[in-house]
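1. My questions concern the predicted model and sequence given below.
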Amino acid sequence: MNNIIPYLGFLIAAYAVIANDVIQTLGTFLSSNEKKKWWILWAFASIILTITIFYSWQNFDGDVSFGRLQKIPLPKSIEWWYLLAPISLLVITRYGVPVSTTFMILSVFSSEQIIEKMILKSVFGYAIAVISALLIYLLIARRFESKLSLDRLDKKQQKKYWLIAQWCSTAFLWSQWLIQDFANIYVFLPRRLNLSELLFSVATILLIMAYIFRNRGGKIQEIVNQKVNTRNIRSATLIDLIYGLILFFYGNLNTIPMSTTWTFIGILAGREIAINYLLNKNKLKNAYSLIVKDFAKVNIGLAISILIAFLIQFLKS
């Protein structure tokens, strides 16, 4: 039975992490390309994922987490209670709550010192995201976040350079997110994968992604759709670029895992405040309440993950 649990944990974690977190990186991409066939978008994301994971496997001696799991060893025996974390994440995802998969999944395998470092890195990531997005959008919102109707915006967004820019920014962001979050998906598997294990895991992830893309993101997609103008291809491009740059410069400072969810919510928060301050001051209060609601949701995941981590430590003893 114990031999099955790691693979069962991987399957549940892969679906829960991708369903919850993929909208952070591809949510605006799906929103602004909702008229395109889902399998085209899926194929695009799948190619980038495959290249990224094979790059890590080749250059990190079979490790597909880009070194994020070096300080989180695989237990000698994975008992059934380790499944509590991915199952809880799966249930929460079904209700559309954007929790931090990093805390939810990795905390049950990590020491207290690693958990503290993950929380600290994630909190700073949230603050950097809010401030960066706020300052950038205060400068560019009047030009790029127009009040024009979506019909008029549709004509502008057909310009070839915006289409190319969006797909490039999405590819960059998607690769940076994968570098951060492969650890959450692969924590149940050996830290060094052989070729057959790698191929099996990649095929599983791609099938899960196909299901999620077919359903256009599911409940978590509502977090993106509620924000101002996210269906505009220019807006989607700028969000993805800012997010990708933060993950690239801040997320890669060290190999301590961080919550990409907190960074994503931070970017949307800073952007929402700036846009409503400049263009829709009468809706500024609504923006604040939406931001507080989103932040409360991500903290639900943190609280639950800590409780589950304590519960597993109790069951171990």
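-> Here it is on my side, so go on.
2. When you work out contacts or count neighbours from here on, use the C-alpha atoms and nothing else.
-> Fine.
3. Surely Gly266 and Ala127 touch.
-> Yes: taking contact to mean C-alpha atoms under 8 Å, the distance of 6.9 Å between Gly266 and Ala127 places them in contact.
4. Show me the contact partners of stretch 298-312.
-> Contacts of stretch 298-312 from elsewhere in the structure, counted by C-alpha atoms under 8 Å, 6 or more residues apart in numbering, are 81-82, 84-85, 97-101, 103-105, 107-108, 261-262.
5. now, which of the residues you listed sits nearest Lys71?
-> Minimum separation from Lys71 among the contacts of stretch 298-312 (C-alpha to C-alpha) is found for Ser107, which lies at 12.1 Å.
6. Now for that closest one: which residues touch it?
-> Ser107 makes contact with 115, 305-306, 309 under the criterion C-alpha under 8 Å, 6+ apart.
7. out of Gly266 and Ala127, which sits in the more crowded spot?
-> When Gly266 and Ala127 are compared on other C-alpha atoms under 10 Å, the one with more neighbours turns out to be Gly266, at 27 against 15.
8. could you say which helix or strand contains that one?
-> Gly266 belongs to helix 260-279 when elements are defined using DSSP states H and E.
9. The helix or strand containing Ile51: what's the following helix or strand?
-> Ile51 is part of helix 38-59 when elements are defined by DSSP H and E. Of the helices and strands lying after helix 38-59 in sequence (DSSP H and E), the nearest is helix 84-94.
10. about what we covered before: where neighbours are concerned, which of the contacts of Ser107 has the most?
-> In terms of neighbours by other C-alpha under 10 Å, those top out with Ser305 at 27 neighbours.
11. Could I get the full set of helices for the stretch 151-300 of the chain?
-> 160-186, 195-214, 221-225, 233-246, 260-279, 284-316 (DSSP state H, counting those that start in this stretch).
12. where does the stretch 51-200 of the chain dip in pLDDT?
-> Along the stretch 51-200 of the chain, the parts satisfying pLDDT under 70 run over 96-98, 145-159.
13. The same query, at a cut-off of 90, please.
-> In the prediction, the stretch 51-200 of the chain carries residues with pLDDT under 90 at positions 71, 73, 75-82, 84-105, 107-116, 119, 123, 137-166.
14. how about TSV for the helices of the stretch 151-300 of the chain, with distance to Ile47 added?
-> Output for these, formatted as TSV (distance: least, C-alpha to C-alpha, whole Å):
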stretch	distance to Ile47
helix 160-186	10
helix 195-214	10
helix 221-225	22
helix 233-246	18
helix 260-279	21
helix 284-316	30
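15. hang on, the earlier thing: could you name the helices and strands sitting against the helix holding Ile51?
-> helix 160-186, helix 195-214 (3 or more C-alpha pairs under 8 Å, 6 or more residues apart in numbering; DSSP states H and E).
16. tell me the angle of that helix relative to helix 160-186?
-> On the basis of axes from the mean of the first three to the mean of the last three C-alpha atoms, to 10 degrees, helix 38-59 is oriented at 60 degrees to helix 160-186.
17. Pull helix 38-59 out as CSV, backbone CA atoms only.
-> These are the backbone C-alpha positions of helix 38-59, laid out as CSV (Å, rounded to 0.1, in the frame of the first residue of the first chain):
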residue,chain,number,x,y,z
TRP,A,38,-9.1,25.5,-26.2
TRP,A,39,-6.7,22.9,-27.6
ILE,A,40,-4.6,25.6,-29.4
LEU,A,41,-4.0,27.3,-26.1
TRP,A,42,-3.4,24.0,-24.4
ALA,A,43,-0.8,22.9,-27.0
PHE,A,44,1.0,26.2,-26.6
ALA,A,45,1.2,25.9,-22.8
SER,A,46,2.1,22.2,-23.1
ILE,A,47,5.1,22.8,-25.3
ILE,A,48,6.6,25.3,-22.9
LEU,A,49,5.9,23.0,-19.9
THR,A,50,7.6,20.1,-21.7
ILE,A,51,10.7,22.1,-22.6
THR,A,52,11.0,23.6,-19.1
ILE,A,53,10.7,20.3,-17.2
PHE,A,54,13.1,18.5,-19.5
TYR,A,55,15.6,21.4,-19.1
SER,A,56,15.5,21.0,-15.3
TRP,A,57,15.7,17.2,-15.5
GLN,A,58,18.7,17.4,-17.8
ASN,A,59,20.6,20.1,-16.0
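18. Cool, thanks, talk later.
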